[in-house]
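J.: I'd like to go over a predicted model; first the sequence, then the structure.
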Amino acid sequence: MSAVIEIEGLRKTFHSVRNGRRVAVDGFDLLVEAGQIHGFLGPNGSGKTTTLRALLGLVRADGGRMSVLGEPSPELLPRVAGQVGAIVESPQFFGNFTGHRTLRLLARAGGVPIARVDEALELVGLRDRGDERVKGYSLGMKQRLAVASALLKDPRLLILDEPANGLDPAGIREMRDLMRSLAATGVTVLVSSHILGEIQLICDHVTIISRGRRVAAGRVDEVLAGYDRHEFLVRVAEPGRAVELLQAAELTAVVDGEALMVSGVSDPTVVSRVLGEQGLWVGELTPLRPDLESVFLELTGAYEHSSVPRQVDGSGLPHADQGEAVINLDRGVDA
Ligand SMILES: Nc1ncnc2c1ncn2[C@@H]1O[C@H](COP(=O)(O)OP(=O)(O)OP(=O)(O)O)[C@@H](O)[C@H]1O
């Protein structure tokens, strides 16, 4: 797989008279490969937006190397900007313009064929509503119009910062379906979010950031597997006696309410055999798999209170000595 985004050792500190010195990104690494739907997860203020803005040349990084589609970013980002769609700040649209007119203007400004407007509206499911004024759109429709604007260029890479923000469950579902259908067409998607369930449903890969540092990265199932304690919830008639029997069989078991928890179990049939042999019949034996939320809380919650978050091993991250892509968001570069 080829790298679509590579970030290595990104650093950014903001200085202001009021807040003093604030380290937003502290040696952060990110690798997004072609075809991935990559979730970029982190608590509020952990550095997600700053990372994306630095990647796109909207804020000047203090250190580190970045590339987009093989071009060093932000220096050579313009070379690939036409292949990158990004929504890093919620775009503002004129309420009195229709969705179609909005995209026509953007297409003209960006040198994109007007025929692409209908295609983009189709892709985000707004083809039938394109002639309505934007002020009548729901928030979810406005978000989809924003995605359509990023799709005008027919990008190979789509970067979305918190696209589900402010959406109701139906809007979130629409956004999820949209990302899936885009990925099915071969677009690589990097999506930042703090809505963990969504990331778990949509993304195949994830990078978790805490206090400006990467604390986990990889395939979602592999990241989760790393936190699997092989725990099972067991229901039997006599939990106290069951715990004694399991402990005697050298298993780790504790009473948990009316059930018991057994951990470190590689083969759950051992649990039912040990108990069954003593006449205790197992009524339920449920594996307790970690979800992204528990992993996220463990990684970010715990480290929020430690002095320095652990930086995960950056192995597998090639040095970013190639190029990048830039997005025209009509913004200046923050110092
Ligand atoms: N322009 C700025 N000036 C000063 N500090 C900033 C600026 N932009 C971001 N920060 C600070 O940098 C840190 C990281 O912010 P950032 O917006 O990148 O986080 P985030 O993960 O995107 O958060 P959220 O999910 O709340 O958007 C925060 O402490 C924030 O206050």
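T.: Yep, that arrived. Residues are numbered from 1 along each chain as shown.
J.: for the stretch 51-200 of the chain, what spans make up the strands?
T.: Taking DSSP state E, counting those that start in this stretch as the criterion, the stretch 51-200 of the chain carries its strands at 63-68, 71-72, 84-87, 157-161, 188-193.
J.: Now do the helices in the stretch 51-200 of the chain.
T.: 99-110, 115-123, 139-151, 169-184, 196-202 (DSSP state H, counting those that start in this stretch).
J.: hey, which of those helices is tucked in deepest?
T.: Most buried of the helices of the stretch 51-200 of the chain, by mean neighbour count (mean count of other Cβ atoms under 10 Å): helix 139-151, with a mean of 23. C-beta coordinates here come from the backbone N, C-alpha and C atoms, glycine included.
J.: Show me what that helix is packed up against.
T.: strand 84-87, helix 99-110, helix 115-123, strand 157-161, helix 169-184 (3 or more Cβ pairs under 8 Å, 6 or more residues apart in numbering; DSSP states H and E).
J.: Pull out the buried positions in the fourth one.
T.: Read it as strand 157-161. Buried residues in strand 157-161, defined by neighbour count with 16 or more other Cβ atoms under 10 Å: 157, 158, 159, 160, 161.
J.: And the most centrally placed residue in the chain, which helix or strand is it part of?
T.: The chain has residue 39 as the residue nearest its centroid, 1.9 Å off, counting by Cα atoms, centre = their mean. Residue 39 belongs to strand 37-41 when assigned by DSSP states H and E.
J.: Pick out the residue of the stretch 101-250 of the chain closest to the ligand.
T.: Across the stretch 101-250 of the chain, the shortest distance to the ligand (Cβ to the nearest ligand atom) belongs to residue 194, at 5.6 Å.
J.: That residue contacts residue 44, doesn't it?
T.: Yes. Counting by Cβ atoms under 8 Å, residue 194 touches residue 44, with 6.6 Å between them.
J.: Same drill for those two, tell me which one is more crowded.
T.: residue 194 (17 against 6; other Cβ atoms under 10 Å).
J.: Per-residue pLDDT of that one, please?
T.: According to the prediction, residue 194 has pLDDT 79.
J.: ditto for residue 15
T.: pLDDT, residue 15: 91.
J.: Name whatever forms a beta bridge with it.
T.: residue 21 (DSSP bridges).
J.: ok, it touching residue 23?
T.: No. Counting by Cβ under 8 Å, residue 15 does not reach residue 23; the two are 10.4 Å apart.
J.: quick one, which of these two is more surrounded?
T.: residue 23 (15 against 9).
J.: quick one: the stretch of helix or strand that one belongs to to chain centroid distance?
T.: In the assignment (DSSP H and E), residue 23 maps to strand 20-33. With Cα atoms, centre = their mean, to the nearest Å as the basis, strand 20-33 stands 15 Å off its chain's centre.
J.: In terms of secondary structure, what does it contact?
T.: Helices and strands touching strand 20-33, by 3+ Cβ pairs under 8 Å, 6+ apart, are strand 3-16, helix 48-55, strand 188-193, strand 205-210, strand 213-219.
J.: got a list of contacts for the third one?
T.: Outside of strand 188-193, the residues within contact range by Cβ atoms under 8 Å, 6 or more residues apart in numbering are 4-5, 32-42, 48-49, 52, 156-164, 179, 182-183, 199, 202-203.
J.: next one: the fourth one
T.: Contacts of strand 205-210 from elsewhere in the structure, counted by Cβ under 8 Å, 6+ apart, are 28, 30-33, 36-43, 46-48, 51, 199, 214-220, 223, 292, 295-296, 299-300, 303-304, 309.
J.: does any part of it sit near the ligand?
T.: No. Strand 205-210 lies apart from the ligand when judged by Cβ under 6 Å from any ligand atom; the minimum separation is 6.9 Å.
J.: Starting from that strand, tell me which strands it pairs with and how they run.
T.: As assigned by DSSP bridges, strand 205-210 forms pairs with strand 37-41 (parallel), strand 213-219 (antiparallel).
J.: Deepest-packed of those strands, please.
T.: strand 37-41 (a mean of 27).
J.: thinking again about what came up before, what would the strands paired with strand 205-210 look like in JSON lines with mean pLDDT?
T.: Listed next are the strands paired with strand 205-210 as JSON lines, based on pLDDT from 0 to 100:
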{"stretch": "strand 37-41", "mean pLDDT": "94"}
{"stretch": "strand 213-219", "mean pLDDT": "94"}
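J.: Might one say that residue 276 is in contact with residue 285?
T.: No. Counting by Cβ under 8 Å, residue 276 sits too far from residue 285 to count as a contact (11.2 Å).
J.: which of the two has more neighbours?
T.: Counted by other Cβ under 10 Å, residue 276 and residue 285 do not tie: residue 285 has more neighbours, with 17 against 13.
J.: pLDDT below threshold where in the stretch 1-150 of the chain?
T.: The model of the stretch 1-150 of the chain has pLDDT under 70 over residues 1.
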